[in-house]
Structure formats: structure tokens, C-alpha cells
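Trainee: how would this look folded up:
(2 chains)
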Amino acid sequence: AQSVTQLGSHVSVSEGALVLLRCNYSSSVPPYLFWYVQYPNQGLQLLLKYTTGATLVKGINGFEAEFKKSETSFHLTKPSAHMSDAAEYFCAVKKETSGSRLTFGEGTQLTVNP
Amino acid sequence: DGGITQSPKYLFRKEGQNVTLSCEQNLNHDAMYWYRQDPGQGLRLIYYSQIVNDFQKGDIAEGYSVSREKKESFPLTVTSAQKNPTAFYLCASRKDRAFYGYTFGSGTRLTVV
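Mentor: Residues are numbered from 1 along each chain as shown, chains lettered A, B, ... in the order given. As a prediction, this is how the structure comes out:
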């Protein structure tokens, strides 16, 4: 069963525009949620995470995400895109019942146009 | 600096040959993971290990084998039984008793010809 769904395999924005990358999860228990970024031929780097507490989470490079339990969503946003933001972004979920395993979405490739 | 080292960065092998991918970490992390990445499919878990001398199959373990003889090392062998081994392989680790996400290596791209 799919645990996390990223809507849109490719997103294209203009430099300076809002970045919105969508992630929905399926879980009947409170999840831990993560966003990772991957540059070409590199490993994944943690952008931000939600475990407990404040539902608006701020990460590195100006990104933030909001955990919305009622919508089962954890969308990633950045107010103003920069050329260096072009990369692939992965949403991931760890359910309390899954031990130490993370399940990743299929990824969203972000293109930033000058 | 602490981190995870995967080697080699690029690996070419002939069909039917076994090949071993190296993963070493000096973060003193307890758990280690191997993921396979294919375009449009995200990351799929192959094997993971939470302590030395113990490991569990992930979602796509067929055709792969691992060992965990030392805390720092978690090598992955891609055997000839793996039908489609060409992919990008990522190793990750996590400190036990806390879950703040994984630390990833920079990956090994395996091409089987």
C-alpha cells in the first residue's frame, strides 16, 4: 500500500516565484514526515522534518512545510525560487508501526527557469 | 568529518557477474540501509541492519545479499540472480534511539552490460 504520494513528478517555476511541492501520506497513526533534496548523482540531503510539536516546520535553504492532519498533507514551500533550488525532492514517512524504516515518495523534479 | 562513504562512484560489470558495493560510515550510527533508485520510482528498500550481525530484508531483497560484521560497514552484493541490476544504489545510516532521519552516502551507479 502506498504510504506517501507526491503529486506531480515534474514542477517548473520561474526564478523568484513561489515553490509548492505536494505530498500526501496515508497513515492511521501519527507519522514522522520528512523532505529530502537530491542533486544529480548525489545522495539525499535532509531539508526538514516533522516529528511532534509545531506543525509548521522550517528547514534549510528557506524551505518550510506544514503538517495538516485533517488533509493528511505535508506540502513543501519556498516563497521565492532560486536557480540553485533545481533538484529532485522526496517526501518520506516513518510510521510508528514500521520500526526504523522510511518509505519514500516517487520524487518531484523541480526546474527553475530564469 | 563524519559521514558515509560509498565506493566506487561508478561501476561497470558484465551480465552474470556478482558485484559488491561498499558502504562505510564513521558516524557511530547503529542502523544502516541500502536503497535502490530508478527513474520515476523513488527509493526502494533492499536490506537494512539495526545491529551488528543482524539484518532484515526490505521490499526488493531478491537477488541481493548483505553482511554486517562491523558497525561501520554494510556491503551490498548484487548477485547474478538480480534480473535488472542497473540502477543507482544509495546507502544510509541512522543513530539508534532517536529518529531524526537518515544520513545518506553519495551513491554508486551500477551499470551491467
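Trainee: how many other residues sit next to the closest residue to chain B within chain A?
Mentor: Of all residues in chain A, the one sitting closest to chain B is A:G43 (3.5 Å; CB to the nearest CB). No exception for glycine: its C-beta is placed from N, CA and C like everyone else's. Counted by other CB atoms under 10 Å in any protein chain shown, the residues lying close to A:G43 total 22.
Trainee: And A:E64, by the same measure?
Mentor: Going by other CB under 10 Å, the residues that sit close to A:E64 add up to 16.
Trainee: wait, it sits on A:F74?
Mentor: No: assessed by CB atoms under 8 Å, A:E64 is found out of contact with A:F74, at 10.9 Å.
Trainee: What is the neighbour count of the residue lying closest to A:L102 once chain neighbours are set aside?
Mentor: Closest residue to A:L102 in three dimensions, ignoring its sequence neighbours and counting by CB to CB, 6 or more residues apart in numbering or on different chains: A:A92, at 4.6 Å. Neighbour count for A:A92, taken as other CB under 10 Å: 27.
Trainee: give me the beta-bridge partners of A:A92?
Mentor: Taking DSSP bridges as the rule, A:A92 bridges to A:F34, A:F104.
Trainee: Tell me the backbone dihedrals of A:G62, please.
Mentor: phi 80, psi 10 (degrees, to the nearest 10).
Trainee: For it, give me its contacts.
Mentor: A:78-80 (CB atoms under 8 Å, 6 or more residues apart in numbering or on different chains).
Trainee: Going by neighbour count, which of those residues comes out on top?
Mentor: Counting by other CB under 10 Å, top hit in these: A:K78 with 21 neighbours.
Trainee: Give me the neighbour count for the closest residue to that residue other than its chain neighbours.
Mentor: Once flanking residues are discounted, A:K78 sits nearest to A:V19: 4.1 Å by CB to CB, 6+ apart. Number of residues near A:V19 (other CB under 10 Å) recorded here: 19.
Trainee: surely A:V19 meets A:A87?
Mentor: No: with contact defined as CB under 8 Å, A:V19 does not reach A:A87; the gap is 11.0 Å.
Trainee: Name the residues of stretch B:80-97 that are buried.
Mentor: B:82, B:85, B:87-94 (16 or more other CB atoms under 10 Å in any protein chain shown).
Trainee: make that stretch A:71-86, sorry
Mentor: For stretch A:71-86, using 16+ other CB under 10 Å, the buried residues are A:73-76, A:78, A:81, A:85-86.
Trainee: show me what contacts A:L48?
Mentor: By CB under 8 Å, 6+ apart, the neighbours of A:L48 are A:34-35, A:57-60, A:63-65, A:76.
Trainee: picking up where we left off before, list residues touching both of A:V19 and A:A87?
Mentor: Counting by CB under 8 Å, 6+ apart, the residues touching both A:V19 and A:A87 are A:L110.
Trainee: where does chain A come near chain B, residue by residue?
Mentor: Residues of chain A found near chain B (CB under 8 Å from any CB of the partner chain) are A:9, A:32, A:34, A:36, A:41-46, A:49, A:51, A:90, A:92, A:94, A:99-107.
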